[in-house]
Structure formats: C-alpha cells, structure tokens
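**Q** pasting the sequence and the predicted coordinates here, then a few questions.
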Amino acid sequence: MQKRKLVMIGNGMAGVRTIEELVKIAPDAFDITIFGKEPYPNYNRIQLSTILQGEMSFSDIIMNDWDWYESNHIQLYAGDQVVRVDTKEKIVYSESGRAVPYDELIFATGSLPLMLPIPGINKQGVIGFRDIHDCEMMMQAAKQYKKAAVIGAGLLGLEAASGLVHLGMDVHVVHLFGHIMEKQLDETAARLLQRELEAQGMNFLLEKETVEILGDDRVTGLRFKDGSEIAADFVVMAAGIVPNVKLAKESGLFVNRGIVVNDYLETSVPNVYAVGECAEHREIVYGLVAPLYEQAQVLAKRLVGMVEKGYEGSIVGTQLKVSGIDLFSAGEIYEAYETKAIKVHNELDGVYKKVLIRDGRIVGIVLYGDTSDSTRLFRMMQQKQDVSSLTDIAFLKEGGAKEEDVAMMADEELVCGCNGVTKGTIVQAIQQGASTVEQVGGCTNAGRSCGRCKPLIAKILEHTLGDAFAGQAQKETLCSCTDLNRDEVVAEIQAKGLTTVKEVMHVLGWKNEEGCSKCRPALNYYLGVIYPEYRDDRDSRLVNEKMHANIQKDGTYSVVPRMYGGVTTPEDLRRIADVAEKYRVPLVKLTGGQRIALFGIKKEDLPNVWADLGMLSGYAYGKTLRTVKTCVGATFCRYGTQDSMQLGIELEKRFERLDTPHKVKMGVSACPRNCAEAGVKDVGIVGVDGGWEIYVGGNGGTDLRAADLLCTVKTAEEVFEIVGAYLQYYRETAKYLERTSKWLERVGLSHVKEVVADEEKRTALNERLQRTLVRYEDPWRKVLEDEPLRQHYYTKRSIPVSVKED
Amino acid sequence: MQQTVTRVFVAKYSELPERIGQAVKVGEEEIALFRLTNGDVRAIENKSPHPKGGVLSEGLVSGEYVFCPLYDWKISLIDGNVQPPDEGKVKTYAVEVDGDDVYLLL
C-alpha cells in the first residue's frame, strides 16, 4: 500500500501527541514530516517554569527525544519554519527553502504570548514567556539585572515570576485586576495565594494598567495609567496567549480567534486539520494540556478513518506549578444568582475550599491549600453527578484520614487528567511489576505531562504494595524459603553488604537453611550482578550450568562448542568429526542457533571431549548469551546492505559468558528480509541502508512475541553501546528467570528507550557491564587446567562387586 | 529364607565432597551418595522416580533433600519420599561409616 504523506506544522505537545497516537494505531499508514520552529525535539512546555525554579533541567523535560523521531521514521525539521502553504497543490514551503508535498496537513502551531500594543514593547529586555529561548533569556538576564517586572498575574505570569524570584531577582508582578488569577480564583483564594507568594518574595501591584515601557534602547521601567512608575530593567509579558494563526489565515483557512475546527478537527479546507492551542472548537480555544490531548486522540483516529465519536469539548481544571502552593480550580469561579456555594475557610491552616452548585450539580471548584479532594470533585463535576444529597461538610475531620482516600477511590476514577489514566490502570501496572512512580509513568503515561498527579501515584503505589493490599495482590516471594521478594532481597543484600549465598540465607532468616533449587541459583545470580567481582558459587547452580553441558534424560550430556555467528572452518569441522568418531557420539545435530551439538556424551568423558575439540564452550546450557544467529549479509548476498556476519561475531565475542536472568538469543540480519529471524530474538539487529535497527524483546519460544524497535543507529560501535546498556539494564532490573520479552512488557518499552537514550545512564550501564565481563574465562579450559575441579565434578566410581544372595 | 547383609566399601569419607552427589556403580545398580552439611552420608538409587527417569546424583542438595536435576522434584534423602505436590519414592540404602571408610549395606 502506498503510504500517505502527512505533514505537520509545529512540533509541540498537542501535535506530537497526535503523531504518537497515530503511530500507535497505524504505524505504517503515513510518511510523516514535522516542521518545528524551535531547534529542539518535543519538550514539555508546561514544565518550563520548573526549569526556572531550578527543579529540573532541560533534558528532564524532553518528551520525545531525537531517537523517537528516528525510530518512528518521522522526518523532523527542527529549527525550520513553514512560511507558506499551497492548499491547492498541497505543498508546504519552509523558510530554508524546503518544499514538501502532503496528502494530509496538520496545523499545530500553538500560541504566542500576547504582547500588549503599548509604546516601548520592542525595547531590549522585554520578552514573553513561552519557550526554551525565553527561559534562557530569563536565566541570562538574572545574571546581569536585578529588577524584574512581570505584566500579568495569571497562571503563566505567576510561574514566570516565581522562577525569577528563584533566580535571585527583585520581582514586581503588575496586574490589571483587583486580585490575581482572576480567571481561576475568587477573591478569597486569590488573597491567600498572594500572601503566600509575597512570603516567597514576590511583590504585587494590583489594578495597574501599563501604558508605556520606559527607557532608550533597553527598558528602564514601566509607567501606569494612574501616572505612577516603577523601575525595571527586565520585563516579562505574561498578559495572556493568543493562538498562532498567521500562517493559517494566509493559507486561506477560516480563522476566528483560533483556526476554526469541527468535532473531527477538520478546518474549512479539505485535508487540513488543526489541533492544540491554535484551534478553536465550538468557540473555545483551549490552553491546557488535557483537552488538547483529547483532541490529539480524536484527530489521530480521524486520520486513519476510525472515528466513531468526535471531540465534544472539555471541562478543564487548572493548577499552579509553584513550589509550596497547592491550588486547583475548575469551571465557574464566581457565585451567581442561581448558584449555591459550599465553602470551607480554615484560616489556621490556610485552607480554602469552595464548590459551586447549580441545580444539584457541581459547576465550579476552587481549592486552595489542600487539593486532595480535587480528583473526586472534578469527576463529580465532569459526570454531572447529582450531589443534592451529598452536601455535608466534614467539619474538623480527623487528621491522617488521607490514606483512606486512595483506598476509597474507584478504579475508573481519573488520576492523571492530562493523559486520561485511571486508578484501575495504575493499579494494574503496579500489579504487573511497576514499583516506582517513573515505572508507572513508563507503562501508563500517567504523570508524564504536568506531573501534578505524581504524589497521588506514589500514594497508590504505597497503598497497592503495602500490607493492606496483600489479600488481593499476592506477593511474589523469591521462593517458599523466604517471605521476601526479589526487590527486597536485592535491597537487603546491598544494605547489609552480604556477599555469599550462604550469608544471604543465614542473615535474612531463610526457612530452609540451605535454600532450594529456586532461590539458590537466583541469589547466586543477584550477587553476581551487585558485585562485578563476585566469585561464583558453582554449587548453587543447577546441573547444566554446574557441569557446563546439557544433561539429557539418560544422564549423558550434550556438548556444543562456540561457533561465533554460526561461521565455522573446515578445520573445526574436521575436529568435531574426529571427536564424534573417537567417543562414538550417538547423535551429531545442527542446532537452531547455527552450530553443532554432540549428544550422548558420558559425564566422565566431558573433559576429554573438550580437550580434543580444543574449542570454547558455546554455553548452550546457560542463562547467558547463547548464540548470535547471522545471515550471510553483504559479503555474498545480493540483497545484503550490511556485514551482518562480522557484527554478529563481534557481538558474540563481546557479550559471551555474561550471566543474565535468563537465556539471551541474538540475531543479525543484513536486510529487512531478516533471514536471521532477528524479529523473534531477545536482541535482533537488522541492517538497513546506512545503519542498523535494534529490536528487543522478541521471543520465538514459549511466549511467542515479535520484537519491538528500540532504536536505529548508524555504526556498529553504536550497536555495541546500545546493546550493552540494554543487556546491563535487563540484568539489573529483571527477576531471575524472567526472559527479556516478559521483562520488557513489565517495565515498558518507552521506559527502556528512555534509559538507553540517556547518555549518562548508558555510559554508566556499559561501565558496570565491562567491569563484570572481565571476571569470566572459558569454563571448559578451566576444567582442563584444574585437576581438583575435574576430580570434584567429573568422576564416576565403579565398584565391581557382586551381591551375594543365599 | 534369610538374606545376608552385604557390606560393600564404596568410598573414602574424606574424599566425598559436601553437597555434591557421587554416582557409584555397585554391580548392576547405580547408587547416588551424598555427604550432607551435617556430616551424614546418605545413599539412594540414582534414578529419579519421575516417569521419564533421569539421574539424581547431579541434583542440588539442601539439608536432607535433593532436587531432581531434570524435573525439579524434591526428594528426601532420609526415606526416599518425593515431597508434595509430586508423588513417588526412591529406593534408599543403609550407610555405615567406619573411620574413613564408607560402606553400603546391601
């Protein structure tokens, strides 16, 4: 099928979310091109203020890194702006001269800060607060200048002001109205907030209309309508935002305040859509992330033609992201003739709560100082629940009752409003193994936008994993010898510095003093991961790994020598043949991993067989890297684009012998025809023109599973680095005997992608891996060199007696 | 009918490694010897009671039990009983340790 060409103008949160949804439901339907004005991948614009407040760095707020675009085959032109759209010929033209044709076009141009049309607006030192560049300007300014003025005490203005205070500036917030955040807060809540912000170092000038920005080239101050002035050498305009519709207007789209769209996000021009802050739906332009994400989902479905229900608008809630401030508001703020209010105002604790009710339904919520009820109330409001019988207020409630809240929450109750994640979904993720807020986010997306729900997720985690939940979620202990689970055991080993299997069992109170066939190998493995220089406890390994051969049901063993990448030589083949004859090997068979197995060898013959072979152990018996299956590749194959054999051999040489939670199989193919079946390997590499695709989590065994694309890289060196980090992360976080396929589903592909994409983490993982790899040596050779070892494990006594019977 | 007990020398105690089974062939019977952590020596038939069979001498030893290396059944070295949920019994042999000599009583 011919792919349709999709072009998106804008690389922000709503637009990229649309693409995320799209590639999820129809990964191959479109050739996607994105133009972004800013020279960055998609980042979390809502979190810009946290950078100013010093809580996060820029890399923390990246939502889709460069690899994400690459691995989803999205052409991103970052730093290149679209300047013209020809909707007749269906071509977009960019500033740098690119001309890209489209079948479908999305406007996701977002919004711009509203720059008030007052004299002096163009002076140096006057900026908006909208993107990373603005953030950088503010941080720069804070180094040189001292006196800042922020015009506008709305959400954005206060977040900017808080950031500037944090940066050490003397900040005045100028506001046109009588109280701050007048769109979200009533006067009582606003006064409480103002007092708190003043305590943090902000100054407020209310009911001041700025009429002129003073100064020559650079701003020196502001003049207000009442004639008064203040000094300022840095001004942030935060009077509001306006949809960025200039290009849409020029392109002939119908524009009111925003680009007008219907319930399917279609504009007035066929095949052209708009989503996000630039779009106007039923006369509303949304500026908050939750409704924009709802739009994104609808648009993605519309693009692939699977829309049942259109977008019907959203009710939105707001919160302020300033540290130390707990605030929530939604719907109507001010009392009207026909509304009735329930208010609680606790001046002692600085808590104010107001719920507005009309016809028995909640129509507005303002919470300040304690927002623990926000989810519940907001849901009642959204669902238009009849609350006329619920109007009791818990007055002077018992403290510490908050724990209950999580338990009381219904499964369908929304926890993360931005991403539409319910409590039930989160609990499910936790039961499947997510044990941190980040892991929950990794598999559900919860908490990955504004982050406000993270404390609630933490509470759900605490509640779900705590004792109270034990009845429903059976704890998965290591084995019946202990009540501890994998994570607890690992934590105890680290905390107490335990170094041997015996010591672990002893100190942690094992019920069976010498453990069992489940915990002993597991403990031996965990110790080996925690301590790179760990000395292996051979007797805690099960028979195959202890003997370095596969036991067969008749008590004989099979021997599989190493054949890197499935490539052999006449010399090796000759030796294998000689050994097979000499020891009368009953079966010689090619294995699934492209090598040769000798079956039916007696235990006591093993060392001699190994000596005669003179080859290395192929570890066909181990929880380790088995083989790297390769195709012939570019060396001989006319389709091959890459040298798959060489890469496979090198991978096998680098990672052989490494202990892993379960066996690891790899495959390297030189083209997407994939003769080495990389799509069902734990790690599968597929050569494409100019690079390699790295697939992970495939399984061709019990749990048949197609591998997922982890990323695409250019060089073999990058393959080693990514695969190394991936393996080490698997080693450090998987449960013993958990295959990569299960593990990947448990921790989440996107989480793993983030980990290996993070250069710092990747380097650290590879360092730990390298330190571990040096401890290994070929086990067969070791047996041959070590006489006592041979005596110990590979002898058999035969006593020629006849039992006399009378 | 009377059966004579035959005392067969099978190993030097000092040469038996702890917690590692030794397969010993006595006549036609293959027997697995285990020296336990508590010092005792136990002997059982070297054949798993699992329908598919297999040796027991290569199993992991814990206390007075051995785990079948092929099917992971837990088997008592004292009475040969397979532990639940699995079922079965392995033949056991009496052992006598005399100085450094280990005898089986057949």
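**A** Nice, I can see it.
**Q** quick one: the host helix or strand of A:Tyr526 near chain B?
**A** Here A:Tyr526, judged by DSSP states H and E, is contained in helix A:519-530. Yes: using C-beta under 8 Å from any C-beta of the partner chain, helix A:519-530 reaches chain B at A:Arg520. All C-beta atoms are positioned from the backbone trio N, CA, C, and that covers glycine.
**Q** does anything pack onto that helix? Which helices or strands?
**A** Packing partners of helix A:519-530 (3 or more C-beta pairs under 8 Å, 6 or more residues apart in numbering or on different chains; DSSP states H and E): helix A:486-496, helix A:501-507.
**Q** could you dump these to CSV with distance to A:Ala274?
**A** Converted to CSV, the helices and strands packed on helix A:519-530 look like this (distance: least, C-beta to C-beta, whole Å):
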stretch, distance to A:Ala274
helix A:486-496, 47
helix A:501-507, 60
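**Q** how far does the helix holding A:Tyr526 sit from the chain's center?
**A** Mean-position distance between helix A:519-530 and its chain equals 28 Å (C-alpha atoms, centre = their mean, to the nearest Å).
**Q** the helices and strands packed on helix A:519-530: which one's closest to chain B?
**A** helix A:501-507 (9.8 Å; C-beta to the nearest C-beta).
**Q** is there proximity between the closest one and chain B?
**A** No: remark: helix A:501-507 sits outside contact range of chain B, by C-beta under 8 Å from any C-beta, the gap being at least 9.8 Å.
**Q** which stretches of chain A have low pLDDT?
**A** A:1, A:320-323, A:390-405, A:467-475, A:800-806 (pLDDT under 70).
**Q** show me it divided up by domain.
**A** If you go by automatic domain parsing, the domain ranges for chain A are A:4-111+A:243-303, A:126-239, A:406-474, A:486-541, A:625-773.
**Q** any idea how far apart the tips of the last one sit?
**A** The stretch domain A:625-773 measures 12 Å between its terminal residues, going by C-alpha to C-alpha, to the nearest Å.
**Q** buried ones in the helix holding A:Tyr526, by neighbour count?
**A** For helix A:519-530, the neighbour count (16 or more other C-beta atoms under 10 Å in any protein chain shown) marks A:Cys519, A:Arg520, A:Pro521, A:Ala522, A:Leu523, A:Asn524, A:Tyr525, A:Tyr526, A:Leu527, A:Gly528, A:Val529 as buried.
**Q** again, but for stretch A:220-230
**A** Buried residues in stretch A:220-230 (16+ other C-beta under 10 Å): A:Thr220, A:Gly221, A:Leu222, A:Arg223, A:Phe224, A:Ile230.
**Q** want to throw the residues you listed into TSV with distance to chain B and secondary structure?
**A** Formatted as TSV, the buried residues of stretch A:220-230 follow (distance: C-beta to the nearest C-beta, whole Å; DSSP: H, G, I helix; E, B strand; the rest coil):
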residue	distance to chain B	secondary structure
A:Thr220	82	strand
A:Gly221	81	strand
A:Leu222	79	strand
A:Arg223	85	strand
A:Phe224	82	strand
A:Ile230	79	strand
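**Q** is B:Val102 located within a strand, as I assumed?
**A** Yes: assignment of B:Val102 by DSSP: H, G, I helix; E, B strand; the rest coil places it within a strand.
**Q** whichever residue of the stretch 551-700 of chain A sits closest to chain B: what secondary structure?
**A** In the stretch 551-700 of chain A, the residue that lies nearest chain B is A:Gly555 (4.0 Å; C-beta to the nearest C-beta). At A:Gly555 the chain is in coil, as set by three-state DSSP.
**Q** tell me the contacts of it?
**A** Counting by C-beta atoms under 8 Å, 6 or more residues apart in numbering or on different chains, A:Gly555 touches A:Lys603, B:Gly54, B:Val55, B:Glu58.
**Q** give me that answer again for 7 Å
**A** B:Gly54, B:Val55 (C-beta atoms under 7 Å, 6 or more residues apart in numbering or on different chains).
**Q** next: A:Ile118.
**A** Here A:Ile118 is in contact with A:Thr210, A:Val211, A:Glu212, A:Ile213 (C-beta under 7 Å, 6+ apart).
**Q** next step: the residues you listed restricted to strands.
**A** A:Thr210, A:Val211, A:Glu212, A:Ile213 (DSSP state E).
**Q** okay if I get those as JSON lines plus distance to A:Pro119?
**A** Shown next, in JSON lines, are these (distance: C-beta to C-beta, whole Å):
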{"residue": "A:Thr210", "distance to A:Pro119": "10"}
{"residue": "A:Val211", "distance to A:Pro119": "8"}
{"residue": "A:Glu212", "distance to A:Pro119": "5"}
{"residue": "A:Ile213", "distance to A:Pro119": "7"}
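**Q** now the two most distant members of those.
**A** Distance extremes for the ones in strands among the contacts of A:Ile118: the farthest pair is A:Val211 and A:Ile213 at 9.1 Å, using C-beta to C-beta.
**Q** more neighbours: these two, which one.
**A** The residue with more neighbours, out of A:Val211 and A:Ile213, is A:Ile213; 24 against 15, by other C-beta atoms under 10 Å in any protein chain shown.
**Q** could you measure the more buried one against chain B, distance?
**A** According to C-beta to the nearest C-beta, to the nearest Å, A:Ile213 stands 79 Å off from chain B.
**Q** also A:Leu377?
**A** 51 Å.
**Q** give me the number of residues near that residue?
**A** Counted with other C-beta under 10 Å, the neighbours of A:Leu377 add up to 22.
**Q** am I right that it is in contact with A:Leu356?
**A** No: if you go by C-beta atoms under 7 Å, A:Leu377 and A:Leu356 don't touch, sitting 10.8 Å apart.
**Q** ok, A:Thr318 - contacts?
**A** Neighbours of A:Thr318 in contact, by C-beta under 7 Å, 6+ apart: A:Leu155, A:Gln184, A:Leu288, A:Ser329, A:Ala330.
**Q** sorry, slip of the keys, the one I care about is A:Tyr43.
**A** The contact partners of A:Tyr43, taken as C-beta under 7 Å, 6+ apart, are A:Ile61, A:Ile62, A:Met63, A:Ile132.
**Q** so can I have a markdown table of the residues you listed showing distance to chain B?
**A** Shown next, in a markdown table, are those (distance: C-beta to the nearest C-beta, whole Å):
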| residue | distance to chain B |
| --- | --- |
| A:Ile61 | 49 |
| A:Ile62 | 47 |
| A:Met63 | 46 |
| A:Ile132 | 57 |
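**Q** which among those count as buried?
**A** Counted by 16+ other C-beta under 10 Å, these give A:Ile61, A:Ile62, A:Met63, A:Ile132 as buried.
**Q** need the max-distance pair from those residues.
**A** A:Met63 and A:Ile132 (12.9 Å).
**Q** what about A:Arg638, neighbour count?
**A** Neighbour count for A:Arg638, taken as other C-beta under 10 Å: 6.
**Q** now it: how far from A:Val686?
**A** Taking C-beta to C-beta, to the nearest Å as the measure, A:Arg638 falls 17 Å from A:Val686.
**Q** next one: A:Thr556
**A** A:Thr556 is 38 Å from A:Val686, by C-beta to C-beta.
**Q** neighbour count for the two, which is higher?
**A** For A:Thr556 and A:Val686, the more surrounded residue by other C-beta under 10 Å is A:Val686, and the numbers stand at 27 against 19.
**Q** so what's that one up against?
**A** Residues counted as contacts of A:Val686 (C-beta under 7 Å, 6+ apart) are A:Ser669, A:Pro672, A:Asn674, A:Ala678, A:Trp692, A:Glu693, A:Tyr695.
**Q** what's the helix or strand harbouring the last one packed up against?
**A** Pointing back at A:Tyr695 there. Taking DSSP H and E as the criterion, the element that holds A:Tyr695 is strand A:691-696. For strand A:691-696, the elements it packs on are strand A:683-688, strand A:708-713, helix A:716-733, judged by 3 or more C-beta pairs under 7 Å, 6 or more residues apart in numbering or on different chains; DSSP states H and E.
**Q** what about stretch A:250-259, start to end distance?
**A** Span of stretch A:250-259 from end to end, C-alpha to C-alpha: 12 Å.
**Q** quick check: closest non-adjacent residue to A:Arg654.
**A** Excluding its sequence neighbours, the residue lying closest to A:Arg654 (C-beta to C-beta, 6 or more residues apart in numbering or on different chains) is A:Phe720, at 6.2 Å.
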